[in-house]
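K.L.:
have a look; sequence and predicted model below, questions after that.
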Amino acid sequence: MKLSGRLVLSYTLIIIITLFLSILTLLLVSRPIQNRINRIQLVSQSRQAARRLDIFLRRGNSIQAINERITNSPLADNNHLVVVDRQGVVVADTKGEWIGRTLPLDRSAERPVGTTLVGTFEAPDGQATSFAAEPVGNDDDPVGYVVALAAEAGRIPNVISELSLGFLVAGGVSLFVSLLVGILIARSIALPLSRISQAAGAVAAGDYTQRVPETGPPEIRRVSASFNTMAGRVEASQQAMRDFVSNVSHELKTPLTSIKGFSQAIMEGATHDEAARRRAAGIIYEEASRMSRLVEDLLDLARIDSGQVVMHLTSLDLTQILSSTADRLLPQAVEKQITVNRQWGDLPPVIGDGDRLAQVFTNLLDNALRHTPSGGQITIAAHVVRDGVRPHRMASHSVDTNISTSAVKQGPMVQISISDTGPGIPPDDLARIFERFYQIDKSRKRGGGAGLGLAIIKEIIEAHHGFVDATSSIGVGTTFTISVPLTEADAPTLVSRR
């Protein structure tokens, strides 16, 4: 059975049970109410009959004439009235059934209502009977009592019997309206869930573009929003996987083609002189080295993604790391006639992995050297900030550069910035530079890297609970800013969050 059918069935059962309990409660409540109404009526009947008999006796009539008087009275048309003497013996009966019987009025009276005795006794036929006995004659010394009688309310009081048709109609209308409301509620719950189920099946079949409208109750809207988020992430993951396979295949294809071609030329003797063979061997070595670097980068990313990269934390002197990194790349800067400016003082120690941070600074400086023209400048600056500001990431790897409106403040940090005077990065590319395999210059392949360096830098810095940001202006240059927290980690080693 579908969910909507189950919901409607459950609503129907709840409604039926509620109606049954309502009728049962009404029966239990109406019996004492019916008995109370009967006794009020009996008191009224006995008093009216007693006043008539008082007048009848004052006119000198005998007690023997009372039976005829009561029988012919209009009060006896729909009521059972009897007259008893002082001993409780019935001397007159409107129905002529109980004459000569003794009624236990004194023993059965529960409470007086004024001068009227009210109570219940068991009639000769065994039925519980309510009575109201009004004295006749002098209240202090009555000659007898006029007793009005009525059977106690049964299991189904008269008021219920009279209203049974109304109860059935009202119950039917309530059941019909409640079922309509139940169907609407069931549809509002089941329909969005059915859409989510169909969309989930489509995603499982490979259609990752499926989204569901976020409508219905708050809980259903949250489920729909979570499904849309999940579907978006699955779609992004699948796209990243396709891009990854495509990029890796492309990156490996070019050096493999070169290696295959030049090695075949050597085998076939196409390289006749020693210089040609050395040139072919050099190209093979260069392309093999490029493939080796690509494989190492891929292994690094795979280890980071799987959480297998353990960064051994120690207290680090950033001044020494920055100085040694700049010294190693200084010959390349001199060769290209690029000035390297160093702007930092005494920096406090930080907790981190020295080799990994040196890898980060080396990659950033190498990028700056490759993109800075001859005669340009590279500036390495570092300082302590009281409250680091993490830029808000708009997508999986994009960054909102408007830090003033989308920032998250953090604790004290050391910020290291590496600026160049290169051509700059276009805004559309700037938002994607931390994506894996993304390259700004699509035509620059040989020696230009595979587009994994910045992705690795981002993962390493985030593994240190820091962040990296980039700003750039066309024709002015680009600045990469790395922020590393000063607070010590809780554990002796730090593992990538993923």
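P.N.:
Good, I have the coordinates.

K.L.:
for burial, what's the neighbour tally of residue 455?
P.N.:
21 (other C-beta atoms under 10 Å). (C-beta placed from N, C-alpha, C; glycine too.)

K.L.:
got the phi and psi for residue 178?
P.N.:
The phi/psi pair for residue 178 (degrees, to the nearest 10) reads phi -60, psi -40.

K.L.:
OK, contacts around the residue nearest to it when sequence neighbours are not counted?
P.N.:
Nearest residue to residue 178, sequence neighbours excluded (C-beta to C-beta, 6 or more residues apart in numbering): residue 15, at 4.6 Å. Contact analysis of residue 15 by C-beta atoms under 8 Å, 6 or more residues apart in numbering lists 174-175, 178-179, 182.

K.L.:
any chance of CSV for those residues, columns neighbour count, distance to residue 96 and secondary structure?
P.N.:
Converted to CSV, the contacts of residue 15 look like this (neighbours: other C-beta atoms under 10 Å; distance: C-beta to C-beta, whole Å; DSSP: H, G, I helix; E, B strand; the rest coil):
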residue, neighbour count, distance to residue 96, secondary structure
174, 14, 48, helix
175, 15, 50, helix
178, 17, 54, helix
179, 14, 56, helix
182, 19, 59, helix
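
K.L.:
domain map for the chain?
P.N.:
As assigned by automatic domain parsing, the chain contains the domains 3-160, 217-306, 310-495.

K.L.:
where along this structure do the helices fall?
P.N.:
Per DSSP state H, the chain carries helices over the ranges 3-58, 66-71, 105-108, 158-204, 218-267, 274-305, 318-335, 354-371, 427-430, 453-463.

K.L.:
least reliable of those going by mean pLDDT?
P.N.:
Across the helices of the chain, helix 66-71 has the smallest mean pLDDT, namely a mean of 67.

K.L.:
about what we covered before: among the helices of the chain, which comes closest to residue 382?
P.N.:
helix 318-335 (6.4 Å; C-beta to C-beta).

K.L.:
hang on, the earlier thing: nearest to residue 359, of the contacts of residue 15?
P.N.:
Nearest to residue 359, judged by C-beta to C-beta, of the contacts of residue 15 is residue 182 at 64.4 Å.

K.L.:
how about the closest one, what does it touch?
P.N.:
The neighbours of residue 182, taking C-beta under 8 Å, 6+ apart as the test, are 7-8, 11-12, 15.

K.L.:
let me know the closest of those residues to residue 386.
P.N.:
Distance to residue 386 across those (C-beta to C-beta) is lowest for residue 7, with 57.2 Å.

K.L.:
distance of the closest residue to that closest one other than its chain neighbours from residue 213?
P.N.:
Distances taken as C-beta to C-beta, 6+ apart place residue 186 nearest to residue 7, at 3.7 Å, with adjacent residues excluded. Distance from residue 186 to residue 213, counting by C-beta to C-beta, to the nearest Å: 18 Å.

K.L.:
more neighbours: which of the two?
P.N.:
Counted by other C-beta under 10 Å, residue 186 and residue 213 do not tie: residue 186 has more neighbours, with 20 against 10.

K.L.:
relative to residue 350, how far out is residue 312?
P.N.:
As judged by C-beta to C-beta, residue 312 and residue 350 stand 14 Å apart.

K.L.:
so residue 472 is in contact with residue 430, correct?
P.N.:
Yes - here residue 472 reaches residue 430: they are 5.5 Å apart, a contact under C-beta atoms under 8 Å.

K.L.:
higher neighbour count, the two?
P.N.:
Using other C-beta under 10 Å, the more surrounded residue of residue 472 and residue 430 is residue 472, with 21 against 18.

K.L.:
distance of the more buried one relative to residue 372?
P.N.:
Look at residue 472 and residue 372: by C-beta to C-beta, they are 13 Å apart.

K.L.:
picking that back up, so for residue 312 and residue 350, which sits in the more crowded spot?
P.N.:
More crowded of residue 312 and residue 350, by other C-beta under 10 Å: residue 350, with 23 against 12.

K.L.:
got the contact list for the more buried one?
P.N.:
Residues counted as contacts of residue 350 (C-beta under 8 Å, 6+ apart) are 315-316, 318, 414, 484-486.
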